[in-house]
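Asker: Fold the following for me, if possible:
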Amino acid sequence: MTTTWTVVVTEEADSWSKWQLGGSTSQATVVVEPRSWLGLAFEARDPLAGRRAIYDIDTALYDISQDNPHEFAEEKRALRRR
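Answerer: Residues are numbered from 1 along each chain as shown. As a prediction, the model looks like this:
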């Protein structure tokens, strides 16, 4: 099964943009503000049952050229490898 996605930039400002990716039974929203955060939202729809599931991710971005965020990023990577 394949799904065709439509990709549209729905909003833009000086330093951020919002992208909508839509298919027949699913949608994803990506909000990018490169200096501070990345937001993702996923939605899956069941048109027959009229139900949907939504999962949001809001993540802070850290400047890993600085010591504190770099150490934090390294710790997170080490945990993922386990």
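Asker: what ranges do the helices span in the chain?
Answerer: 67-81 (DSSP state H).
Asker: so where's it shaky on pLDDT?
Answerer: Residue ranges of the chain with pLDDT under 70: 1-3, 60-82.
Asker: repeat that for 90
Answerer: Counting by pLDDT under 90, the chain shows low-confidence ranges at 1-19, 21-42, 45-48, 50, 52, 54-82.
Asker: and W16, how many neighbours?
Answerer: Neighbour count for W16, taken as other C-beta atoms under 10 Å: 16. In short, each C-beta sits where N, CA and C put it, glycine included.
Asker: Quick check: it touching V32?
Answerer: Yes: contact criterion C-beta atoms under 8 Å: W16 and V32 qualify, at 6.1 Å.
Asker: Grab the nearest non-local neighbour of E12.
Answerer: Spatial nearest neighbour of E12, chain neighbours left out: K18 (7.5 Å); criterion: C-beta to C-beta, 6 or more residues apart in numbering.
Asker: Neighbours of V7, how many?
Answerer: For V7, using other C-beta under 10 Å, the count is 10.
Asker: got it, and the one 3 residues further on?
Answerer: The local packing of T10 (other C-beta under 10 Å) involves 10 other residues.
Asker: residue contacts, it?
Answerer: Neighbouring residues of T10 by C-beta atoms under 8 Å, 6 or more residues apart in numbering: K18, W19, Q20.
Asker: now those: which count as buried?
Answerer: K18, Q20 (16 or more other C-beta atoms under 10 Å).
Asker: Would you format the contacts of T10 as JSON lines with distance to E11 included?
Answerer: Output for these, formatted as JSON lines (distance: C-beta to C-beta, whole Å):
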{"residue": "K18", "distance to E11": "4"}
{"residue": "W19", "distance to E11": "9"}
{"residue": "Q20", "distance to E11": "9"}
